[in-house]
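A.B. asks: The following comprises the amino acid sequence and a computationally predicted model.
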Protein chains: 4
Amino acid sequence: MNEDTVDNALQTVDGDGVEYRDLGFGTVVTGQSRERLLNSNGSFNVRRTGLGPLAAINLYHTLLSMRWRTFLLLLLLLYFLSNVLFGSIYASFGPEALVDTSSTPMDNIFIRGFFFSVQTFATIGYGTIHPAGIIPNLIVTIESYYSLLINALITGLVFARFARPTARVVFSDVAVIAPYRDMTGLMFRIVNGRSNQLIELTAVVMFARFVNENGRTVRRFDTLDLERRKVSFFPLAWTVVHPIDKHSPLYGLGADELVGTDAEILILLTAIDETFGQQVHSRSSYKPEQIKIGHKFVSLYNTVEDGAPISIDIRKLSKTEPESSR
Amino acid sequence: MNEDTVDNALQTVDGDGVEYRDLGFGTVVTGQSRERLLNSNGSFNVRRTGLGPLAAINLYHTLLSMRWRTFLLLLLLLYFLSNVLFGSIYASFGPEALVDTSSTPMDNIFIRGFFFSVQTFATIGYGTIHPAGIIPNLIVTIESYYSLLINALITGLVFARFARPTARVVFSDVAVIAPYRDMTGLMFRIVNGRSNQLIELTAVVMFARFVNENGRTVRRFDTLDLERRKVSFFPLAWTVVHPIDKHSPLYGLGADELVGTDAEILILLTAIDETFGQQVHSRSSYKPEQIKIGHKFVSLYNTVEDGAPISIDIRKLSKTEPESSR
Amino acid sequence: MNEDTVDNALQTVDGDGVEYRDLGFGTVVTGQSRERLLNSNGSFNVRRTGLGPLAAINLYHTLLSMRWRTFLLLLLLLYFLSNVLFGSIYASFGPEALVDTSSTPMDNIFIRGFFFSVQTFATIGYGTIHPAGIIPNLIVTIESYYSLLINALITGLVFARFARPTARVVFSDVAVIAPYRDMTGLMFRIVNGRSNQLIELTAVVMFARFVNENGRTVRRFDTLDLERRKVSFFPLAWTVVHPIDKHSPLYGLGADELVGTDAEILILLTAIDETFGQQVHSRSSYKPEQIKIGHKFVSLYNTVEDGAPISIDIRKLSKTEPESSR
Amino acid sequence: MNEDTVDNALQTVDGDGVEYRDLGFGTVVTGQSRERLLNSNGSFNVRRTGLGPLAAINLYHTLLSMRWRTFLLLLLLLYFLSNVLFGSIYASFGPEALVDTSSTPMDNIFIRGFFFSVQTFATIGYGTIHPAGIIPNLIVTIESYYSLLINALITGLVFARFARPTARVVFSDVAVIAPYRDMTGLMFRIVNGRSNQLIELTAVVMFARFVNENGRTVRRFDTLDLERRKVSFFPLAWTVVHPIDKHSPLYGLGADELVGTDAEILILLTAIDETFGQQVHSRSSYKPEQIKIGHKFVSLYNTVEDGAPISIDIRKLSKTEPESSR
């Protein structure tokens, strides 16, 4: 009897006082990946096989999270193809079904059909091209229902893209292990990359690495204690600090140990976006080559004249200097 | 004097440290149902009589939760019937009230009315059919107001369907009672069936069964302690584990006892859908015939090549093997 | 030096373990109201004077919370008056500015203007009436901008009315003081009046009454301890129970004391509406004449046949019987 | 080795039991600002340099938070310029490409193009002006796609402005230090400036000032304990009270000390707006010149007749009187 029957994947417990030394992740690592778990941009470096293709695509989520440029091109394509389709249907009934009373009627029936479809889909209806007979009018009925739905969908999607809470917390490119009080601390800096206000920003920082346990290689997780877990305001910058005291799992570890154990610092930020009162999340991670030991961050503060408010320079976010240079 | 005056129905207290052994549910079970409380799909297996029919239908909730296919067909029906109605009203004033100046005018006044209504409702207005006189123009005024409202309603509904947070957490078809540390544990597995991210996933698991108390049959609830109640991330899968130690109400129970007491494992999941920062819920339940004693789940992990990320196979979610087969 | 400098109005502390016996509400009651604080429908029975009329009206909140009938009539009025206004402007430039090419042109220039405005506002544009000259075309430009805004506003309002979370928790008409365990308890019953699901329903119950303190009449508040404060599910009904033990401020009070001290039971419910994952609130209050001492609620349960699910009859929600009738 | 490597900016920890005397804000203040941190209207008095101009502008946030007047003027400008642009394109193909069949055709081709663009953008399409040939019809196709997007954007923005939760909590212009129980207290008053209901209003009050620490000038923060941190209801007004007992950092401080240390009282309010169940925030701050020592607030209560509800006069919110005048 042992723990092998529990096979929990990447689980990390929140920092509310409870600490789980064993997260059940990968008790047997034979054949398992030693790659990083979180990419720098916060996405998970994992794969799930066996999901159906539809579940994997997830149209709505894709439409919400793609770039505006891609989104608008996709809509243009939908708009164009819809009119090509309906235009061809109108054209298939011949020039008698689609009368063009303008001074210079379009002879090409497909072009006439396409532009008539545009005028119908967009509900313009100049009337110089108009349907004649029951069948063309029925197609107009169908196209106008289709147009109504597409318009509702586009309006809904555009608003959903707007209303979607997306924090852009900028992480420093590197973390440092620098002097802190009478010991050292693991530190990284974050700043709000947007002009909105983030409130009640909370950080959870975890330390993952491979250890040898009873002769087997096991991925182990620890939640790192922080100088503070939560700030009420976030108008400037925050240096998140894990004090490396003797209870810290980082205590006594050097660069070699971090590389050798495939260590990874995982970060989950939670905050309230004041604009809509919505909860937003941001993730990132640092690998050993991104952790500078014996360096410290330079001050972000600008020297200001009398009467000017506090000011920081965001371009210095990732700037470090050797510890001894002070 | 006894507790009979409290007649509380299906109440379950959250797991924040407090535990209520008596939930007041059904102190007298005479004539009461012994059926399952939660269906597998998470809906409640209960009835409420005496609600008015309008409250029971709840149009908005129905429109939001029906399938897209049904929703679009219903809209098409509304669109069609609206035009039939307004078309008939226009037609009732005769061909003089609705002039058709096209090259091939429609002689059937009802068909003319219908297509004119389409062109008005959809705000196309080719103008080849146009209203003549005050009454037809008044009906146009009314139809365009109606059209404005219906368009707003449809746009609102389509967006509400989009914005509605709906988690699709997939539960394993069965739960198992398998070895766990130096005892056994009740386990089931869950996986996110969508490609969105669920954050701060919290599980509450309850055990309901009928017991004999002072000579009366009573439905009794207990909250089951979990190996962990909450995970910060949920990118892969989670095996929820209730360790069956000697304090567990499941301690020493076999398959016969579970069936004989009409036992039921009730599960409530709460999470944050990262897309909109909204709270989502998911429920399910296991009946004794879905609990495999002496079986364990097979590993979900795919064996991966060097440099590939962690990967699980979702098709194995419900796959179990006899415990001794290890 | 005394407490008179703090003049706090109707404040009630949430039940998370902290209890404030003195809420600072009205230490001197001379000239103050003894009326109920909460109306049965949950609205506050208070007045605030000195707010500007605009703040008092609060257009948006009013448009969201009015009945659908009123809302639709108001929109119709706006639609009608907008067209009367723009129609009159068009008409003021004479029949040459608004050409009617239909078979039966409208001679009355105001009627012609009104219907032309309808066709423009609704973006139909049959074209049988059309603007001639620069000024009428400029007014068309303005009207179409106005129409664009009004359409956006109406779509937004209609959706906001849809998306707005509104719980309809039905409270029993009366509360009772009935036997509970080996003492008595204050009880009332609630049921979900809608078909949506409410999750994590939390109740805070307060007891307000006037007491004599150091020779002055003071309104005093106490939070009442509950058998349970929170239920995870709410598919059927909940009998909220405050056990009247000797620590209860209701201990030993009879009907005369409740009436004589202008007592009031204030209730605040908080829940999550599962449809949108939104937090909803519901309030109510009981005055002494709504509290039946020595009565208990009758069972809500329907007797069901074998294999049928649990079922309650909502029409019995407020039904009580004398305690001795058991 | 010292704390200099941590350079945390304006961080304030929430009041849930934890108290951080050192917030790491500005251990070295050389060259740093002594200006106020929060403006009276709740905005942060800070600067961030080095952000790209696009990030600094943040179009969406700006469009949501500007005044309605500015917003509508901006939309009008967009509408006008769009039609000027498309009108000029139509005009560039000459009068043959844009036929005007009305009784009084517009001779100026640019004016004709502008009004045709209006009729197309707004999807009116009278048809008296209509495009002739393939190129003009193609431009119509592009304009109608553009119009579709702009309409969706405007509808989305208008709704987002509506749905955005914006509390308007009115703070008293001044704070007072007045007698409280058998000591004194720092007090300010707040009232809801809107007719919506705010629920679960929570206050965090911080005290910032410059102190001399080891020979260096340091900005120091303390969270002030409150008589109560949270009220469930907020129908009238709330006098927030920090009792100045001997543990208070304000203990024994006079006006001179407050001015001399550039003191500032920072306030963060959090509440739930009942209309949409959304979390709202409000901030403010008091500088020493806004703190009246030895004054107290006058009562807000109106004397009411028998049977009338409780009533307060909001115009008295900031009204104080000398303490001895009681």
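C.D. replies: It's in.
A.B. asks: switch to C-alpha atoms for all contacts and neighbour counts from now on
C.D. replies: Noted.
A.B. asks: can you count the residues close to A:Asn214?
C.D. replies: Neighbour count for A:Asn214, taken as other Cα atoms under 10 Å in any protein chain shown: 7.
A.B. asks: pLDDT value on it, please?
C.D. replies: Per-residue confidence (pLDDT) for A:Asn214: 71.
A.B. asks: Against chain C, how distant is it?
C.D. replies: With the distance defined as Cα to the nearest Cα, to the nearest Å, A:Asn214 ends up 42 Å from chain C.
A.B. asks: buried set for the longest strand that chain A contains?
C.D. replies: In terms of residue count, the longest strand belonging to chain A (DSSP state E) is strand A:198-213. By neighbour count on 16 or more other Cα atoms under 10 Å in any protein chain shown, the buried set for strand A:198-213 is A:198-211.
A.B. asks: just stretch A:241-250 next, same as before
C.D. replies: Residues of stretch A:241-250 classed as buried under the neighbour-count rule (16+ other Cα under 10 Å) are A:Val241, A:His242, A:Pro243, A:Ile244, A:Leu250.
A.B. asks: can you check stretch A:306-323 too?
C.D. replies: Buried residues in stretch A:306-323, defined by neighbour count with 16+ other Cα under 10 Å: A:308-314, A:316-320, A:323.
A.B. asks: Cross-check those residues against chain D and keep the overlap.
C.D. replies: A:Ala308, A:Pro309, A:Ile310, A:Ser311, A:Ile312, A:Asp313, A:Ile314 (Cα under 8 Å from any Cα of the partner chain).
A.B. asks: from memory the last one sits against A:Tyr301, does it?
C.D. replies: No - taking contacts as Cα atoms under 8 Å, A:Ile314 lies outside contact range of A:Tyr301: 9.1 Å.
A.B. asks: could you check the angle helix B:134-163 makes with whichever helix in chain A runs longest?
C.D. replies: Longest helix in chain A by number of residues, with DSSP state H as the criterion: helix A:134-163. Here helix A:134-163 runs at 50 degrees with respect to helix B:134-163, directions being taken by axes from the mean of the first three to the mean of the last three Cα atoms, to 10 degrees.
A.B. asks: Pairing partners for the next helix or strand after helix A:134-163, with directions?
C.D. replies: Next along the chain after helix A:134-163, taking DSSP states H and E as the criterion, comes strand A:169-171. Here strand A:169-171 is paired, per DSSP bridges, with strand A:183-192 (antiparallel).
A.B. asks: Just the angle for the partner strand relative to strand A:198-213, thanks.
C.D. replies: Angle of strand A:183-192 versus strand A:198-213, following the same axes, to 10 degrees, is 130 degrees.
A.B. asks: how about strand A:183-192 as PDB, C-alpha atoms only?
C.D. replies: The C-alpha trace of strand A:183-192 is given here as PDB (Å, rounded to 0.1, in the frame of the first residue of the first chain):
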ATOM      1  CA  MET A 183      19.700  37.600   5.500                       C
ATOM      2  CA  THR A 184      19.000  37.300   1.800                       C
ATOM      3  CA  GLY A 185      15.700  37.300  -0.100                       C
ATOM      4  CA  LEU A 186      14.400  36.200  -3.500                       C
ATOM      5  CA  MET A 187      12.900  39.200  -5.200                       C
ATOM      6  CA  PHE A 188      11.200  40.200  -8.400                       C
ATOM      7  CA  ARG A 189       9.400  43.400  -9.400                       C
ATOM      8  CA  ILE A 190       6.100  44.000 -11.000                       C
ATOM      9  CA  VAL A 191       4.400  47.100 -12.400                       C
ATOM     10  CA  ASN A 192       1.000  47.700 -13.900                       C
END
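A.B. asks: Could you check how many residues crowd around A:Glu35?
C.D. replies: Using other Cα under 10 Å, the number of residues around A:Glu35 comes to 17.
A.B. asks: how much space between it and A:Ile139?
C.D. replies: The spacing between A:Glu35 and A:Ile139, counted by Cα to Cα, to the nearest Å, is 56 Å.
A.B. asks: Am I right that A:Thr104 is in a strand?
C.D. replies: No - under the criterion used here (DSSP: H, G, I helix; E, B strand; the rest coil), A:Thr104 is coil, not part of a strand.
A.B. asks: Spit out the contact partners of the nearest residue to it once chain neighbours are set aside.
C.D. replies: With sequence-adjacent residues excluded and distances taken as Cα to Cα, 6 or more residues apart in numbering or on different chains, A:Thr104 is closest to D:Ala132, at 6.0 Å. Applying Cα atoms under 8 Å, 6 or more residues apart in numbering or on different chains to D:Ala132 gives the contacts A:Ser102, A:Ser103, A:Thr104, A:Pro105, D:Glu96, D:Ala97, D:Leu98, D:Val99.
A.B. asks: thinking again about what came up before, counting by contacts, list what the longest helix of chain A packs against.
C.D. replies: Counting by 3 or more Cα pairs under 8 Å, 6 or more residues apart in numbering or on different chains; DSSP states H and E, the packing neighbours recorded for helix A:134-163 are helix A:59-65, helix A:68-91, helix A:109-121, helix B:109-121, helix B:134-163, helix D:134-163.
A.B. asks: Tell me which stretches of the stretch 201-326 of chain A form strands.
C.D. replies: With DSSP state E, counting those that start in this stretch, the ranges of strands along the stretch 201-326 of chain A come out as A:216-223, A:230-231, A:237-244, A:264-273, A:278-286, A:291-293, A:295-297, A:310-313, A:320-322.
A.B. asks: which parts of the stretch 201-326 of chain A sit against chain D?
C.D. replies: Taking Cα under 8 Å from any Cα as the criterion, the stretch 201-326 of chain A approaches chain D at residues A:228, A:230-239, A:241, A:274-278, A:296-315.
A.B. asks: Restricted to buried residues, select those in PyMOL.
C.D. replies: Applied in PyMOL, the following selects the buried portion of those according to 16+ other Cα under 10 Å:
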select buried, chain A and resi 228+230+231+232+233+234+235+236+237+238+239+241+274+275+276+277+278+296+297+298+299+300+301+302+304+308+309+310+311+312+313+314
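A.B. asks: close enough to count as contact, A:Gly113 and A:Val99?
C.D. replies: No - between A:Gly113 and A:Val99 there is no contact under Cα under 8 Å: 10.1 Å.
A.B. asks: higher neighbour count, the two?
C.D. replies: When A:Gly113 and A:Val99 are compared for neighbours, A:Gly113 comes out ahead with 29 against 21, by other Cα under 10 Å.
A.B. asks: ok, now which ones touch the more buried one?
C.D. replies: A:Gly113 makes contact with A:Phe86, A:Gly87, A:Ser88, A:Ile89, A:Tyr90, A:Ala91, A:Leu98, according to Cα under 8 Å, 6+ apart.
A.B. asks: And A:Met206, by the same measure?
C.D. replies: By Cα under 8 Å, 6+ apart, the residues touching A:Met206 are A:Thr12, A:Phe221, A:Asp222, A:Thr223, A:Leu224, A:Ile265, A:Leu266, A:Ile267.
A.B. asks: Could you check the pLDDT of A:Tyr286?
C.D. replies: A:Tyr286 carries a pLDDT value of 94.
A.B. asks: next one: A:Leu37
C.D. replies: pLDDT recorded at A:Leu37 is 74.
A.B. asks: Tell me, how many residues neighbour it?
C.D. replies: Each residue near A:Leu37 was counted by other Cα under 10 Å, and the total is 22.
A.B. asks: Next, count neighbours for the closest residue to it other than its chain neighbours.
C.D. replies: Once its chain neighbours are removed from consideration, A:Leu37 has its nearest residue in A:Asn45; the separation is 5.1 Å (Cα to Cα, 6+ apart). For A:Asn45, the number of neighbouring residues by other Cα under 10 Å comes to 16.
A.B. asks: Go through the buried residues of stretch A:306-323 and say which is closest to A:Ile154.
C.D. replies: Sorting those by distance to A:Ile154 puts A:Ile314 at the head of the list, at 36.9 Å, by Cα to Cα.
A.B. asks: Contact partners for that closest one?
C.D. replies: With Cα under 8 Å, 6+ apart, A:Ile314 has these contacts: A:Val191, A:Leu300, D:Arg48, D:Thr49, D:Gly50, D:Leu51.
A.B. asks: The fifth one touches A:Ser311, doesn't it?
C.D. replies: Spelled out, that is D:Gly50. No - checked against Cα under 8 Å, the pair D:Gly50 and A:Ser311 is beyond contact range at 10.5 Å.
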